[in-house]
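A.B. asks: Need coordinates for the below:
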Amino acid sequence: MRGRTHPVEAVAAWLLALVWLAPLAYAFWSALHPAAYATSFSPSAPWTLENFVRAWKQAPFARYYLNTIVLVTFVLVGQLILSTLAAYAFARFKFRGSGIAFALVLLQLMIMPDVLIVENYRAIAKLGLLDTIPAIALPYLASAFGIFLLRQTFKGVPQELVEAARVEGAGPLGILWRVYVPLARSTYIAFSLVSVSYHWNNFLWPLIVTNSVEARPLTVGLAVFGAPETGVDWSVITAATVMTMAPLLIAFLLFQRQFVQSFMRAGIR
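C.D. replies: Here you go, the predicted model:
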């Protein structure tokens with residue numbers, strides 16, 4: 001009976017999928033139709049891209065996109081470098097206190113980022129970085145999740161490959177670059193998707209530390225754009241929402257196989 005799914009599980013999965021897809025489908029419907037048809041769901045309703053044009057013109061979304069791309073790139077590059085080096089150390093080097101150090105890293109997974117908002121704000125203010133993109137990025141550069149995921153992957157690398165690289169004269173960093181990093185490609189893709197999606201959608205911390213268009217990411221810009229006092233109609237707001245989430249949907253559809261496979265491999269190691 002292996003591979004068969006219980007009918008109740010199948011029905012529950014479909015119901016959860018519908019619950020998740022319903023607001024997404026409505027956002028696309030409202031964004032692609034005039035405001036008069038936003039809630040009518042008529043098959044004869046006319047299609048239009050005017051809502052996207054109006055949203056783009058009514059707020060500096062080009063600047064918001066630039067800020068968000070710079071932000072997620074800054075965070076991702078920092079996380080990949082720090083997580084790779086830390087995971088390599090935990091996976092392949094034995095040193096006194098390594099178990100305690102790794103336990104402290106895992107402890108970070110149990111602490112919600114919101115708990116540290118006040119202390120992080122004080123630190124950023126003392127550094128004079130308020131209302132800048134580095135102010136948003138700095139608290140997230142060390143990722144316990146990334147360290148754990150890469151450590152699990154690195155521990156599965158055959159020792160024979162490491163020995164072969166040593167015979168060829170590779171040092172510790174050369175072994176990391178030539179052996180470990182290429183074999184962890186799917187893990188890097190999965191972690192990158194998680195990191196980019198989280199920081200693309202992060203709202204509370206950027207809202208607290210930014211005050212100007214020059215540093216404001218898409219999530220905060222969208223909240224300001226959709227505020228009731230602005231008087232923007234619902235179809236334009238949903239069009240702006242679709243513009244905000246479309247890159248993440250495309251990225252997930254392109255890399256969903258690597259995303260799932262990586263977490264499955266990390267779970268069984």
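
A.B. asks: what's the domain layout of the chain?
C.D. replies: In the domain annotation for the chain, the residue ranges read 1-47, 60-267 (the TED database).

A.B. asks: Out of those domains, the one nearest V53 is which?
C.D. replies: Set against V53 and scored by Cβ to Cβ, these come closest in domain 60-267, at 8.6 Å. For every residue, glycine as well, the C-beta is placed using N, CA and C.

A.B. asks: looking at the domains of the chain, which is buried most?
C.D. replies: Across the domains of the chain, averaging neighbours per residue (mean count of other Cβ atoms under 10 Å) puts domain 60-267 on top, at a mean of 16.

A.B. asks: Could you tell me the least trusted of the domains of the chain?
C.D. replies: In terms of mean pLDDT, the lowest-scoring of the domains of the chain is domain 1-47 (a mean of 84).

A.B. asks: So which residues make contact with stretch 150-168?
C.D. replies: 83-84, 86-88, 90-92, 102, 174-175, 178-180, 183-184, 187-188, 191, 262, 265-266, 269 (Cβ atoms under 8 Å, 6 or more residues apart in numbering).

A.B. asks: Same check on stretch 241-259?
C.D. replies: Here stretch 241-259 has contacts from 27-28, 31, 52, 55-56, 61, 186, 189-190, 193, 196-197, 200-201, 218-219, 222, 226, using Cβ under 8 Å, 6+ apart.

A.B. asks: try it again with 7 Å
C.D. replies: The set of residues external to stretch 241-259 that reach it, using Cβ atoms under 7 Å, 6 or more residues apart in numbering, is 27-28, 31, 52, 55, 61, 186, 189-190, 193, 196-197, 200, 218, 222.

A.B. asks: Over to stretch 102-117?
C.D. replies: Stretch 102-117 has contacts (Cβ under 7 Å, 6+ apart) with F90, A144, F145, I147, F148, L204, W205, I208.

A.B. asks: Which of the residues you listed fall within helices?
C.D. replies: If you go by DSSP state H, those have F90, A144, F145, I147, F148, L204, W205, I208 in helices.
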